[in-house]
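Colleague: Okay, predicted coordinates and the sequence, questions at the end:
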Amino acid sequence: MSETTGATRTFARVIVMVTLLARCATAEPIPPAWGDQGDGTYKNPVLPGDYQNTDVVRVGDDYYYISATKALSPGMAVLHSKDLVNWRHVGHVVPDITVFHARFNHDRMEGDQRGVWAGAIAHHGGKFYVYFTTPDEGLYVSTATDPAGPWAPLTHMMRAPGWDDPCPFWDDDGQPYLVLTQFARDPANGKTYNTHLYKMTADALGLVAESDRIIHQSPGAEASKLFKRGGVYYHFFSHVTPEGRIPMMHRAKEIAGPYETRQLLHVNAKENGEPNQGTLLETPGGQWVFLTHHGRGGWEGRPASLLPVTWAEGWPLVGSVGADGIGNMVWSGRKPIGGFARSAPQTDDEFDGRELAPQWEWYFQPRAGKWSLAERPGFLRLHALKRLAPGNLRKTPNILTQRPLRADGSAATVKLSLDGMADGQTAGLCFLGKASATIGVTQAGGERAFVYIEDAKATAGPALARGTNAAWLRVSWNHAGLATFQASTDGERFTTIGNPFQITSLGSHLGAKLGIYTTNDAADAGHVDVDWFHYSQAVTQREANGGAAWNRPSSARATNVRGR
């Protein structure tokens with residue numbers, strides 16, 4: 001082969017390589033597997049994490065979403081959006097959940113399925129209202145002029161167990177009403193759900209007891225919403241059956257009925273995760289949508305999806321409507337409001353603020369004075385506390401959590417400063433669920449080592465060299481919830497410790513939580529400083545092209561549709 005020919009071939013190869021690289025550089029990016037696709041469309045879910053018990057209100061061009069938090073603190077999360085697809089955390093309604101009961105405190109940690117249940121957010125007369133129940137203590141309301149807070153101290157409207165899913169409505173004459181469910185007992189039929197309608201006092205902070213009327217009764221009916229359109233009253237509810245929760249609609253000319261009934265959606269829980277509890281509302285452009293949670297015990301809890309709504313003969317039709325006039329789940333569509341770029345709920349934190357960012361929630365009420373953003377500015381300091389039950393992560397005070405998203409290529413990494421650790425102390429990054437797992441650093445006899453703990457079983461990892469005062473901990477997971485835990489002493493080379501771990505939910509409809517914590521079963525001694533928390537997602541081709549099956553592995557003027 002001549003020198004000229006060889007040079008020619010080499011040049012040709014370079015051209016081919018440059019062309020391929022250019023094609024890769026200019027190729028269309030793989031669309032995200034959920035939410036805003038960047039081309040005017042979206043994929044469901046729009047929130048692929050535990051954003052359960054959905055309710056949304058529109059105020060002008062802004063949308064505010066609340067989500068129940070059970071025994072997490074602060075309670076009742078509030079999010080904001082401009083387009084109903086891209087959501088950001090803005091705050092919480094309840095700063096201290098021990099206002100409900102002392103069992104939610106760090107020294108008891110009882111009832112993680114209780115606490116703040118479903119609620120409703122409304123806007124009237126320049127003020128936001130959030131109504132919700134706890135299953136044991138009753139009905140509450142709080143108000144604010146800014147949904148990010150501060151929220152007023154709670155008003156305890158009803159002191160009685162067994163109530164759920166309140167929703168307010170202001171009629172055209174200004175009279176406020178509240179609809180909510182009571183779990184009653186019928187001697188003949190067992191459990192019965194009674195839907196009550198109350199008039200409220202003029203300030204909407206009290207119930208008019210003598211106005212109580214039952215407007216619906218069945219073996220299962222919850223998730224009530226009440227609004228008015230064209231002079232007709234609409235009462236949305238979820239009909240609970242052994243096959244799943246079925247979205248239903250009542251309509252009537254009078255608020256107390258009698259109501260006609262129509263089914264809104266077919267439910268195939270295995271494929272669509274049972275969309276049911278949510279809000280029907282109208283955009284400024286006159287388009288109607290249904291934002292709903294769904295999920296039946298998956299590790300991520302109850303994510304949220306957005307479905308289009310059309311009206312025919314005075315009835316709302318949700319999703320893709322079949323020949324029978326009943327809707328079906330849809331997994332993609334055009335964004336109802338354009339012009340806003342893709343964003344996701346906040347995750348990362350450098351801990352350089354004066355307050356915790358709004359995506360964070362403590363598992364139960366934390367012990368005051370044992371965590372700080374001020375003791376070492378730029379770090380979150382966590383003081384080690386004894387567990388209420390040795391070896392039990394779910395009895396560990398002061399676990400700081402946020403919602404993991406169900407998406408392939410997810411990973412969370414924390415950098416820890418270890419200077420303040422004491423013997424007997426463990427500091428870690430964990431998945432908290434019915435089964436729990438941790439990647440952490442432990443200290444004994446002045447020596448530190450990495451450790452992987454699955455429930456109460458520890459797997460020893462590499463020892464840290466003396467003088468090593470920093471550690472990086474990482475957990476990565478896929479759509480199916482299979483997680484891998486890793487550790488590093490330089491932030492570049494990570495060692496996998498332990499076996500792949502299957503993430504599980506915390507309980508009935510309560511998703512797993514991603515947490516940071518430290519504990520010391522010997523004594524309340526030692527601390528760890530969290531430098532930062534970073535969360536990443538790498539969208540894969542398999543996920544981007546995946547099917548829709550849910551079980552596939554892997555302050556302006558109020559325009560609230562519930563009243564003016």
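Modeller: In hand now; what should we look at? Numbering: from 1, shown residues only.

Colleague: If we go by neighbour counts, what in stretch 58-76 is buried?
Modeller: Applying a neighbour-count criterion of 16 or more other C-beta atoms under 10 Å, one finds 58-59, 63-76 buried in stretch 58-76. Any C-beta I mention is one placed from the backbone N, CA and C, and that applies to glycine too.

Colleague: Kindly apply the preceding question to stretch 339-347 instead.
Modeller: Ala344, Pro345, Gln346, Thr347.

Colleague: Just the residues contacting that stretch, thanks.
Modeller: 32, 35-38, 47, 49, 79, 82-83, 85-89, 357-359, 402-403, 405, 412, 533-535 (C-beta atoms under 8 Å, 6 or more residues apart in numbering).

Colleague: out of these, which are buried?
Modeller: Buried, going by 16+ other C-beta under 10 Å: 32, 35-37, 47, 49, 79, 83, 85-87, 89, 358-359, 402-403, 405, 412, 533, 535, out of the contacts of stretch 339-347.

Colleague: Thr495 reaches Pro462, doesn't it?
Modeller: Yes - with contacts counted by C-beta atoms under 8 Å, Thr495 reaches Pro462, the gap being 6.2 Å.

Colleague: residues shared between the contacts of the two?
Modeller: By C-beta under 8 Å, 6+ apart, the residues touching both Thr495 and Pro462 are Phe450, Ala487.

Colleague: which stretches of the stretch 451-564 of the chain form strands?
Modeller: Assigned by DSSP state E, counting those that start in this stretch, the strands in the stretch 451-564 of the chain fall at 457-463, 470-477, 482-488, 495-496, 501-502, 513-520, 527-537.

Colleague: Pull out the buried residues from the first one.
Modeller: Judged by neighbour count (16+ other C-beta under 10 Å), strand 457-463 contains these buried residues: Ala458, Gly461.

Colleague: That strand packs against which elements?
Modeller: strand 447-454 (3 or more C-beta pairs under 8 Å, 6 or more residues apart in numbering; DSSP states H and E).

Colleague: which parts of the strand it packs on are buried?
Modeller: Neighbour count says strand 447-454 has Arg448, Phe450, Val451, Tyr452, Ile453, Glu454 buried, by 16+ other C-beta under 10 Å.

Colleague: okay, now the residue nearest to the first one when sequence neighbours are not counted: neighbour count?
Modeller: It stands for Arg448. Once flanking residues are discounted, Arg448 sits nearest to Leu464: 4.3 Å by C-beta to C-beta, 6 or more residues apart in numbering. By other C-beta atoms under 10 Å, the residues close to Leu464 number 20.

Colleague: Okay, Leu464 and Pro161: tell me how far apart.
Modeller: Leu464 sits 50 Å away from Pro161, going by C-beta to C-beta, to the nearest Å.

Colleague: before we move on, the earlier item: now the buried residues of strand 447-454 as TSV including distance to Ala523 and pLDDT?
Modeller: Below are these laid out as TSV (distance: C-beta to C-beta, whole Å; pLDDT from 0 to 100):
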residue	distance to Ala523	pLDDT
Arg448	18	98
Phe450	22	98
Val451	19	98
Tyr452	24	98
Ile453	19	98
Glu454	25	96
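
Colleague: Need those in CSV (columns: distance to Gly278).
Modeller: As requested, the buried residues of strand 447-454 are arranged in CSV below (distance: C-beta to C-beta, whole Å):
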residue, distance to Gly278
Arg448, 48
Phe450, 43
Val451, 42
Tyr452, 39
Ile453, 38
Glu454, 36
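
Colleague: Ala437: which of the residues you listed is nearest?
Modeller: Checking these against Ala437 with C-beta to C-beta, the nearest one is Glu454 at 4.7 Å.

Colleague: now the closest one, nearest residue through space, not along the chain?
Modeller: Closest to Glu454 by C-beta to C-beta, 6+ apart is Ala437, at 4.7 Å.

Colleague: Next: Ala411.
Modeller: In space, Ala411 is closest to Ser476, 3.9 Å off (C-beta to C-beta, 6+ apart).

Colleague: Check Met76 too.
Modeller: That would be Val93: by C-beta to C-beta, 6+ apart, it lies 3.9 Å from Met76.

Colleague: Likewise for Ala209?
Modeller: Ala209 sits nearest to Tyr198 (C-beta to C-beta, 6+ apart), 7.8 Å away.

Colleague: Assumed the one you found was part of a strand.
Modeller: Yes - counting by DSSP: H, G, I helix; E, B strand; the rest coil, Tyr198 is part of a strand.

Colleague: Next up, the contacts around it.
Modeller: Tyr177, Leu178, Val179, Leu180, Leu207, Val208, Ala209, Ser211, Asp212, Arg213.

Colleague: Identify the farthest-apart pair in the residues you listed.
Modeller: Val179 and Ala209 (15.3 Å).

Colleague: higher neighbour count, those two?
Modeller: Val179 (25 against 9).

Colleague: I'd like to check which residues are in contact with that one.
Modeller: Pro166, Cys167, Phe169, Thr195, His196, Leu197, Tyr198, Ile215, Ser224, Lys225, Leu226, His235.

Colleague: just His80 next, same as before
Modeller: If you count contacts by C-beta under 8 Å, 6+ apart, His80 has them with Asp62, Tyr63, Tyr64, Tyr65, Trp87, Arg88, Val90, Pro147, Ala148.

Colleague: Please, which helix or strand holds the second one?
Modeller: For Tyr63, the enclosing helix or strand under DSSP states H and E is strand 62-67.

Colleague: That strand: partners in the sheet, and parallel or antiparallel?
Modeller: Using DSSP bridges, the strands paired with strand 62-67 are strand 55-59 (antiparallel), strand 75-81 (antiparallel).

Colleague: before we move on, back to that, which pLDDT does the model give the residue nearest to Ala411?
Modeller: On pLDDT, Ser476 comes in at 98.

Colleague: That one pairs with what?
Modeller: Here Ser476, judged by DSSP bridges, has bridge partners Ala411, Thr484.

Colleague: Return the residues in contact with it.
Modeller: Neighbouring residues of Ser476 by C-beta under 8 Å, 6+ apart: Gly409, Ser410, Ala411, Ala412, Ala483, Thr484, Gln486.

Colleague: What subset of those residues is buried?
Modeller: Among the contacts of Ser476, those scoring as buried are Ser410, Ala411, Ala412, Ala483, Thr484, Gln486 (criterion: 16+ other C-beta under 10 Å).

Colleague: Now the element after the helix or strand containing Tyr234, going C-ward?
Modeller: With secondary structure defined by DSSP H and E, Tyr234 is part of strand 232-241. Later in the chain than strand 232-241, the nearest helix or strand by DSSP H and E is strand 244-252.

Colleague: Using ChimeraX, define a selection of the buried residues within the contacts of Tyr198.
Modeller: Restricted to buried positions by 16+ other C-beta under 10 Å, the ChimeraX selection for the contacts of Tyr198 reads:
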select :177,178,179,180,207
